[in-house]
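J.: What would the 3D arrangement of this be:
(3 chains)
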Amino acid sequence: MKNLPRSFYTRPALLVAKDLLGKTLVRKIGRVTLSGTIVEVEAYCGAKDPASHAYRGRTKRNEMMFREGGYLYVYFTYGMHFCANVVTGKNNVGEAVLIRALEPVCGIEVMKKNRGFAKTVGATHTLTNGPAKVCQAFGIERKENGTDLLGNKVYLMAGESITKSSIGTSGRIGISRGKEKKRRFFVKGNKWVSG
DNA sequence: CGACCGATTGACT
DNA sequence: GTCAATCGGTCGG
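T.: Prediction:
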């Protein structure tokens, strides 16, 4: 299997967001491989979007968002959580797509260990149904900020194809500004989608 | 420098 | 349903 090419990421965030549904996120930690199918995302559109970290221009924190597409932007929030974004668009644009939820595929036992879950068989939907949960399960922290998705630590592969009719759209979650914009996309009926 | 608040979660009433 | 946890970015003085 092969990484998605740079050209997948250098398009506008809204297009990349919809195309990310059904793709497989892969994370390698030493010899361990974790993977999952993306089922929920949100687009954050640079300087034009009041909810985006890039809205107030380039800073040390959001620098990564201004790279060309295909890098990981990880930020720390609420004093205890990390969220992972896929940087999109061309250099200096400042767009990204937040990975909000995914369906675990490989390495479920390791994800449970990372999340502090008991060693039971199978996965429960609370394992990865939220942006900070995905990061915790996949071991994505501050040092993963800036990871090149064309490398072999964190990357994406083509996965299931999602038909247009099974993609749901809504306003974004957990923000106060730009709430009305329909920039959240999810796979309808998938139990891993966050509530 | 101090106050305020956030792309969240989990525990508790 | 409500609320604390906990810290770094941002803005006002």
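J.: so what's the closest residue to A:Gly57 other than its chain neighbours up against?
T.: Closest residue to A:Gly57 in three dimensions, ignoring its sequence neighbours and counting by CB to CB, 6 or more residues apart in numbering: A:Ala47, at 7.1 Å. C-beta: built from backbone N, CA, C; applies to glycine. Residues in contact with A:Ala47 (CB atoms under 8 Å, 6 or more residues apart in numbering) are A:Ala54, A:Tyr55, A:Gly57, A:Gly94.
J.: Same check on A:Glu144?
T.: For A:Glu144, the contact set (CB under 8 Å, 6+ apart) comprises A:Leu72, A:Val74, A:Ala84, A:Lys153, A:Val154.
J.: repeat that with 10 Å
T.: A:Arg27, A:Leu72, A:Tyr73, A:Val74, A:Phe82, A:Ala84, A:Cys135, A:Phe138, A:Lys153, A:Val154 (CB atoms under 10 Å, 6 or more residues apart in numbering).
J.: how about those in a markdown table, adding distance to DNA strand C, secondary structure and pLDDT?
T.: Converted to a markdown table, those look like this (distance: CB to the nearest atom of the strand, whole Å; DSSP: H, G, I helix; E, B strand; the rest coil; pLDDT from 0 to 100):
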| residue | distance to DNA strand C | secondary structure | pLDDT |
| --- | --- | --- | --- |
| A:Arg27 | 23 | strand | 98 |
| A:Leu72 | 17 | strand | 98 |
| A:Tyr73 | 13 | strand | 98 |
| A:Val74 | 12 | strand | 98 |
| A:Phe82 | 11 | strand | 98 |
| A:Ala84 | 17 | strand | 98 |
| A:Cys135 | 15 | helix | 98 |
| A:Phe138 | 20 | helix | 98 |
| A:Lys153 | 22 | coil | 97 |
| A:Val154 | 21 | strand | 98 |
